[in-house]
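> Fold the following and give me the result.
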Amino acid sequence: MKPTHRMKMVLLFTWTLAWGLLVAAVCPSPYGVNSSVMFPVYSFSQPAYNLEPVGGFGWHRATMLWDEIETANGACTTGDMAHCDWSVIEADIDAANANLQSVLVDILHTPAWAAGPAQISCASNNNWCNATGTKTFACPPVQSTMMYNFARAAALHFGTKVAAWEIWGEPNLCGTWRGTKLQFRENVLRPAYEGLRSVTTDAPIGAPGLFNSANFDPWITNSGALVVPLDFYSLHTYESVADATAHLTAADAYLACTADGSSCVSHYWLTEYGYADAKGGQSCTWGAPCDAGVAAVSVLDTCVQSPYCDKAFYWDMFKNDPDCLISLLDDSANPRTRFCTIRDYIVSGTMHTCPYSAPPCTP
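Residues are numbered from 1 along each chain as shown. You can find the predicted model right below:
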């Protein structure tokens, strides 16, 4: 019988306690939460960060928006701080590190100076890669060196503050990618991986964060072989519990190897999942109306019980879409019921995630 993640986490946690290595870099917790302070609708909230370890989240996922950080070609490589601003993402990462959480950073969004023309048409969100350059974050970079240089600069700047890296997110949606699959593999995936790996040899690197899909091949392989030796593949799921479970089951069965067979990837991280309240009078639960916390726990448990799903990150901790209340905390950083439902699930097992105690939770 293959061990479940709960069994493996108990063994890892026991080993960690024995050696006194309760630091973020070795935390074996599979539980994570998203923070997206780089998006305009979000804001930094120290009380929200402090509640992450209370909720049992050993991991924190930070979204690194390339287009917001590097506003001129090569600025972060040359140290041109007038056009390279790490401050917002750095505050995010530092807050998580202060709570002894491990940090996963996701790199995405093409800046205007690197953007090429859209290659595919979309029924909606066409303005997210337009000829005027006012919205370019879904555009394909015109050269692979642009992404390589930024990824390398990011790895050099943050060093061991970042425990793992993810490349892009939801390229199978027009809202975040308007290039071809070949452009994604060669101008985003390969250069980002090589730029990161030129600095860090230990931090896991994954991609591509597919939306409601486990069809990884077109995005990370070429002729059936991995383009780069990823450590994990990643996906997001926001559909009904039944559909989300089906996506994870499909991901369980996925396996890809490099052309020479020297490296294979069979494990994945669920880097986004979540359920919400009403938006404009409509249900945001992506399926039949249900309790958001119970639905989230159902998906989380599917990951935890899988021998291939290593991490799961709830979207979002604080201040997501104000019209569709998906976040675990309200606007005053008070726990919603779903926060306590998920927290109760996390701390109910023998392994209470490292290195936190779990005080009583009251929504």
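> quick one, strands of the stretch 1-150 of the chain?
Ranges of strands within the stretch 1-150 of the chain are 31-35, 59-65, 102-108, based on DSSP state E, counting those that start in this stretch.
> cool, and the stretch 151-300 of the chain?
Using DSSP E, counting those that start in this stretch, strands in the stretch 151-300 of the chain cover 164-167, 205-211, 221-222, 225-226, 232-237, 256-258, 264-265, 268-273.
> one step back: distance to Val199, mean neighbour count and mean pLDDT added to the strands of the stretch 1-150 of the chain, as JSON lines?
Yep, even glycine has a C-beta here, placed from its N, CA and C like the rest. JSON lines is the format used below for these (distance: least, C-beta to C-beta, whole Å; neighbours: other C-beta atoms under 10 Å; pLDDT from 0 to 100):
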{"stretch": "strand 31-35", "distance to Val199": "23", "mean neighbour count": "26", "mean pLDDT": "92"}
{"stretch": "strand 59-65", "distance to Val199": "15", "mean neighbour count": "24", "mean pLDDT": "94"}
{"stretch": "strand 102-108", "distance to Val199": "13", "mean neighbour count": "24", "mean pLDDT": "96"}
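> out of the ones you listed, nearest to Tyr148?
Nearest to Tyr148 among the strands of the stretch 1-150 of the chain is strand 102-108; the distance by C-beta to C-beta comes to 11.5 Å.
> Walk me through which strands the closest one pairs with, and which way each runs.
strand 59-65 (parallel), strand 164-167 (parallel) (DSSP bridges).
> residues in contact with it?
24-25, 27, 29, 32, 58-66, 89, 93, 96-97, 137, 150-151, 154, 158, 161-169, 176, 192, 209, 269, 271, 311, 313 (C-beta atoms under 8 Å, 6 or more residues apart in numbering).
> switch to 6 Å and redo it
24, 27, 59-64, 93, 96, 162-169 (C-beta atoms under 6 Å, 6 or more residues apart in numbering).
> what angle do that strand and strand 31-35 make?
50 degrees (axes from the mean of the first three to the mean of the last three C-alpha atoms, to 10 degrees).
> CA atoms only for strand 102-108, dumped as CSV, please.
Provided in CSV are the C-alpha atoms of strand 102-108 (Å, rounded to 0.1, in the frame of the first residue of the first chain):
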residue,chain,number,x,y,z
SER,A,102,8.3,28.2,3.2
VAL,A,103,7.7,30.5,0.2
LEU,A,104,6.7,29.5,-3.3
VAL,A,105,7.0,32.3,-5.9
ASP,A,106,5.1,32.3,-9.1
ILE,A,107,6.6,34.3,-12.0
LEU,A,108,4.2,35.6,-14.6
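> relative orientation of that strand and strand 232-237 in degrees?
Using the same axes, to 10 degrees: strand 102-108 against strand 232-237 is 80 degrees.
> okay, the angle between strand 102-108 and strand 268-273?
Going by the same axes, to 10 degrees, strand 102-108 makes 80 degrees with strand 268-273.
> Mind putting the strands paired with strand 102-108 into CSV with distance to Cys76?
Output for the strands paired with strand 102-108, formatted as CSV (distance: least, C-beta to C-beta, whole Å):
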stretch, distance to Cys76
strand 59-65, 11
strand 164-167, 15
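> picking that back up, can you redo the strands of the stretch 1-150 of the chain as CSV with distance to His236?
Converted to CSV, the strands of the stretch 1-150 of the chain look like this (distance: least, C-beta to C-beta, whole Å):
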stretch, distance to His236
strand 31-35, 10
strand 59-65, 11
strand 102-108, 11
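> Quick one: closest of the ones you listed to Thr302.
Nearest to Thr302 among these is strand 31-35 (13.6 Å), distances taken as C-beta to C-beta.
> where's the closest residue to Arg197 other than its chain neighbours relative to Gly261, distance?
Excluding the flanking residues, the one nearest Arg197 by C-beta to C-beta, 6 or more residues apart in numbering is Ile205, at 6.7 Å. Distance of Ile205 to Gly261, given as C-beta to C-beta, to the nearest Å: 19 Å.
> Mind checking which of these two has more residues around it?
Between Ile205 and Gly261, counted using other C-beta atoms under 10 Å, the more crowded position is Ile205 (21 against 8).
> The more buried one pairs with what?
Going by DSSP bridges, Ile205 forms beta bridges with Trp165.
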